[in-house]
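# Okay, predicted coordinates and the sequence, questions at the end:
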Amino acid sequence: MNAVPVEPNLEMDEPAASVAPGDGAPSDDGAPSISMVIPALNEAENLVETIPQAIAVLEEMQVDYEVIVVDDGSRDGTREVMRQLCATYPHLRSIRLRRNAGKATALTIGFDLAKNDVFVMMDADGQDEPREIPGLVAKLDEGFDLVTGRRATRHDRFLKRHTSQIYNATTSWVSGVPGRDFNSGLKVLRREVAESVDIYGELHRYLPVLAAWSGFAVTEVEVEHHPRLHGKTKYGIARFWRGFFDLGTVKFITSYNRRPFHLFGGFGIFSALIGTALLVWMFVRHVMGLPVGDHPALITGVLFEVVAVQFLSFGLLGELLVYLITTRGGNRPIPPTEEARGVRVP
């Protein structure tokens, strides 16, 4: 991901004497080094419980680790809570945003500041089970790049559970990426995934889709899920509708970002066919001596033809932009990685 400037958008609330983050090097036994990123918005009561639990699990794993909490503009005393926790746990870092920027931005900042080779995402509300982390990390050894914790039994409100089922089923069908819990807050991913996938707005919920489109191997593992510890959820019913708008964005950038004319041109041809059919009908009526000038189909046909020209123009302009970007910046949307090289025989 692109680097995010530290000033003036965020503040680091970490006592220098008590912070000892991991250096990014694997442990002596070959275990991966882990950076846990926890976005938090008004979760002071929950952080007091979730942070010690998460650190206890990481200590048991005996790996080089760091925990980064990104305070997303909280107004409930989270800053003071994190200062106390940082004084207790040397591997804990607290990053405070001066205003609420959204979960995607908080995650991006956390990823940019992380130093290790495996990233763990976890929510701060206590619903994710930290004891599931070792199993998710171990799944990476099977060749996967991103592992999502699929919540086996969700402890959420009735409406949220069922709208989420519709959302997940639709996402899987539209994107072609198999999955049943795309928006789970508990995920494990390699550094390469975070560096290759840009998330903004609310696209964090489509991280598995974007990673799969970028060529990474993604999977899900069933995990335990708990009721929220304290407070209320930060998301309402509007999240459901915003999710489908974002799905349209993801579908566009994953399927048509290099061929926009295929999308807009398709809409343009469809609109042109409807307009042509209506105008031919009006021409036939005119030949037959029937009135045409005040017929609504005449205006409708002309409108469809105008819309068709606009769609085709959008598609051509999009193709022109893609051409300029690829010719100036190189046509390598997916960075290649060299896996092996033959040994030259003298």
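Now that the structure is in, tell me what you want to look at.
# and after the helix or strand bottoming out on mean pLDDT in the chain, which helix or strand comes next?
Sorted by mean pLDDT, DSSP states H and E, the helices and strands of the chain end with strand 10-12, the least confident at a mean of 58. As assigned by DSSP states H and E, the chain's next helix or strand after strand 10-12 is strand 34-40.
# what pairs with that next one, and is each one parallel or antiparallel?
When pairing is defined by DSSP bridges, strand 34-40 lines up against strand 65-72 (parallel), strand 118-121 (parallel).
# export the last one as CSV, just CAs?
Put plainly, it is strand 118-121. Only the C-alpha atoms of strand 118-121 are listed here, as CSV (Å, rounded to 0.1, in the frame of the first residue of the first chain):
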residue,chain,number,x,y,z
VAL,A,118,2.6,-11.4,8.5
PHE,A,119,-0.3,-9.1,9.3
VAL,A,120,-3.2,-10.0,11.6
MET,A,121,-6.4,-8.0,11.5
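# and it, what's its mean pLDDT?
Per-residue pLDDT over strand 118-121 has a mean of 96.
# And the next helix or strand past the helix or strand containing A211?
Following DSSP H and E, one finds A211 within helix 207-213. Next helix or strand after helix 207-213 toward the C-terminus (DSSP H and E): strand 218-223.
# can you list the residues that contact that next one?
Contacts of strand 218-223 with the rest of the structure, by C-beta atoms under 8 Å, 6 or more residues apart in numbering, involve 128-129, 132, 135-136, 139, 144-152, 177, 179-181, 184, 186, 208, 211-212. Bear in mind the C-beta positions are built from the backbone N, C-alpha and C, glycine included.
# Now do the helix holding A211: distance to the chain's middle.
Average the C-alpha atoms of helix 207-213, do the same for its chain, and the two points are 8 Å apart (C-alpha atoms, centre = their mean, to the nearest Å).
# helices and strands around that helix, which ones?
Identification of packing neighbours for helix 207-213 by 3 or more C-beta pairs under 8 Å, 6 or more residues apart in numbering; DSSP states H and E yields strand 146-151, helix 158-175, strand 187-190, strand 218-223, helix 238-255.
# Using JSON lines, lay out the ones you listed together with distance to R79.
Below are those laid out as JSON lines (distance: least, C-beta to C-beta, whole Å):
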{"stretch": "strand 146-151", "distance to R79": "28"}
{"stretch": "helix 158-175", "distance to R79": "29"}
{"stretch": "strand 187-190", "distance to R79": "26"}
{"stretch": "strand 218-223", "distance to R79": "30"}
{"stretch": "helix 238-255", "distance to R79": "26"}
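# Next, format these as a markdown table and append mean pLDDT.
What follows is the helices and strands packed on helix 207-213, written out as a markdown table (pLDDT from 0 to 100):
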| stretch | mean pLDDT |
| --- | --- |
| strand 146-151 | 92 |
| helix 158-175 | 79 |
| strand 187-190 | 96 |
| strand 218-223 | 94 |
| helix 238-255 | 76 |
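# H91 against I55, yeah?
Yes. The pair H91 and I55 qualifies as a contact (C-beta atoms under 8 Å) at a distance of 6.9 Å.
# intersection of neighbour lists for the two?
V67.
# remind me which residues of the stretch 51-200 of the chain are low pLDDT?
Across the stretch 51-200 of the chain, the stretches falling below the confidence threshold (pLDDT under 70) are 155-162.
# change it to 90
Under the criterion pLDDT under 90, the flagged ranges of the stretch 51-200 of the chain are 75-77, 98-102, 125-127, 151-185, 198-200.
# show me the biggest helix of this protein in terms of residues.
Longest helix in the chain by number of residues, with DSSP state H as the criterion: helix 296-329.
# can you give me the mean pLDDT across that one?
89.
# And it, what does it pack against?
Contact analysis of helix 296-329 by 3+ C-beta pairs under 8 Å, 6+ apart lists helix 260-287 as its packing neighbours.
# domains in the chain, as residue ranges please.
10-255, 260-329 (automatic domain parsing).
# Check these for me and report the most buried one.
Mean neighbour count (mean count of other C-beta atoms under 10 Å) peaks for domain 10-255 among those, with a mean of 18.
# Give me the outermost residue of the chain relative to its centroid.
Note on the chain: the largest C-alpha distance from the chain mean falls to G289, namely 59.9 Å (C-alpha atoms, centre = their mean).
# How about the secondary structure of it?
Following DSSP: H, G, I helix; E, B strand; the rest coil, G289 is assigned to coil.
# Could you measure from it over to H295?
Computed as C-beta to C-beta, to the nearest Å, the G289 to H295 distance reads 13 Å.
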